[in-house]
Structures are given as C-alpha cells and as structure tokens.
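Trainee: Take this sequence and fold it.
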Amino acid sequence: MKKTVVYLIWFLVAFVDTASAGPTRSYERARWDPIHFKPAIAQAKDKQCLACHGEILKRKPLKKTPAGLSAKQVRAWYQAQDSYQGEQDTFHRRHLVTPLAKKLMNMKCNTCHEGHDGDKEVSSDVSPRYWQPALMKDVDPQICLMCHGAFDYKIMAGLAGPWDEVKKDFNDDCMVCHEIFRTNAHNVNYLNRDAIEQTGRKDGEVCYGCHGGRSWYRISYPYARNPWPDMPEEVPEWAKNRPTRSQQRFLTGLDNARGK
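Mentor: As a prediction, this is how the structure comes out:
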C-alpha cells in the first residue's frame, strides 16, 4: 500500500513537471501513455508503436566487430540454416520486415511486448522521487522459447535422434509425418500457417529453423495440443501436463487478434 501511494505521487509530480510542455508531447507524458500498459497495449497497432520506436527498424549491425573483423568474413551459428538468407540483420528486423518474416510470420510489436502493471514493477533502489517502472515493455521468455527452443525428438515416435542426424531418413521432409499426425499446427495469429506448411513441404530446413535449428534454449517449448482430426483419445504420458489450447491472445478469429 505504501509503495502504491508513493508510486501515484511520483506519477502526479512527473505529470505536473511537464504540464507546461505545450502541444509538443514530452518524454514523461509519452512514457506514461496508457498504450504502454495493460489493457491498452493489447489493442496497440504497429504503426502506433513505431511512431515513437521506429528507430528499431532503421538500425543496422556493425560492419566490423570491435576487434576489427569484417562482418562479411564471419558467420554466426544460426546463419548456417538455409532459411537464414542475406547478411546479418538486427533482431527486430528479422522478426518484422525481412522477406522470411513477411512470408512466414505475422508478428506484431505486442506479440512480444505485453506491457506491465507499473505498481508491480517499481524499482525501490533509488529515492522515491525517481521511482520508475522497471522494464515497462518487458518480454516473457516463453514467447522466445516458442520458436527458439530445443528440438524434442525424444517424444516423437520414429525419431532415433536429433533432426540434423536423421533427416536423410525422411528426405528432409517434416510433412511425411505431420500430414498424418498433429495436423492442426501453426494456427495462431503470429504465424502465416499456409505459407509455413507449403514452404515446409519443399524444404524441411524451414521447419527445423524454428524447431531446434535456431535453439537459444536447451529446453523445448511445451506446445499446446490443440485438437486435430482423428486425434487419439488417449493422452501420452509425456503430454498429460501439456495445455490443450493455445493462449487466448494467440488464437485466430478473436476480437483481440493483432493487426497493423
């Protein structure tokens, strides 16, 4: 309660400090705009976010490393995937505006950035006059894990090892099995389902790119087991704790579906 009161006082003081800013919007007013907090951020459009944060799509990687090595002379491990095309690019551009992102993804700013409850994110390591919401637009690591988790081959029937070791046995085609098993996949609003599956039929590396090929984590994501045609009634032991439905905000056709 005490922290809440001090937090509100700080907000009012900050607002009064910038009340004479005139028609030019001040940094403090912009920072406390409701769009940065729930529930408003759930309805935010990309153009609203990029009106202030557009620089994230203009930034480019350094042409040389701090040690002086040209970026063209080195390749990161994740660039080894066939689906990684072109030169090194920035994180946000790779998820929003590059050709592969536009073709296979439908990610928006608020797919990852969900805003915060400021009262729960107050930092008290400085004087109350300067208390600020910490990481106002923080990202839940689970969002990253969905596409950057490990390939969990151990729960897949018929796979004797990691995909990069057994793919030749399947002609590098994930759809050999997934045309039959778990056919209701990618039906979420941050992906282009049809484009993914059409491209995946031609090149399994496209599938593997997001299912282990660019694994930033040693663990795999526990994907929801959304029902699919002819889904067995018996739930495997490994899947008994899995969710049976994707997060509501990711389901297609809902009022809170993302849009630009």
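Trainee: So, low pLDDT: which residues of this structure?
Mentor: Applying pLDDT under 70 to the chain flags residues 1-25, 117-137, 253-260.
Trainee: Which segments of it make up each domain?
Mentor: 2-59+73-100+117-138, 144-250 (automatic domain parsing).
Trainee: In CSV: these, plus mean neighbour count and distance to residue 111.
Mentor: Every C-beta, even on glycine, is put in place using the N, C-alpha and C of the backbone. Conversion of the domains of the chain to CSV gives the following (neighbours: other C-beta atoms under 10 Å; distance: least, C-beta to C-beta, whole Å):
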stretch, mean neighbour count, distance to residue 111
domain 2-59+73-100+117-138, 13, 9
domain 144-250, 15, 5
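Trainee: Make CSV from those domains and add distance to residue 107 to it.
Mentor: As requested, the domains of the chain are exported to CSV (distance: least, C-beta to C-beta, whole Å):
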stretch, distance to residue 107
domain 2-59+73-100+117-138, 5
domain 144-250, 5
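Trainee: all helices of the stretch 151-260 of the chain, in order?
Mentor: For the stretch 151-260 of the chain, the helices defined by DSSP state H, counting those that start in this stretch cover 163-166, 175-178, 193-202, 204-208.
Trainee: closest one to residue 79 among these?
Mentor: Taking C-beta to C-beta, helix 204-208 is the member of these nearest to residue 79, at 12.5 Å.
Trainee: so what secondary structure elements neighbour the closest one?
Mentor: Packing partners of helix 204-208 (3 or more C-beta pairs under 8 Å, 6 or more residues apart in numbering; DSSP states H and E): helix 163-166, helix 193-202.
Trainee: Of the ones you listed, which is nearest residue 26?
Mentor: helix 193-202 (42.5 Å).
Trainee: who wins for proximity to residue 60 among the helices and strands packed on helix 204-208?
Mentor: Among the helices and strands packed on helix 204-208, the nearest to residue 60 by C-beta to C-beta is helix 193-202 (26.7 Å).
Trainee: Quick one: residues in contact with stretch 196-206.
Mentor: Stretch 196-206 is contacted from outside by 81-83, 103-104, 163, 167, 170-175, 185-186, 207, 213, using C-beta atoms under 8 Å, 6 or more residues apart in numbering.
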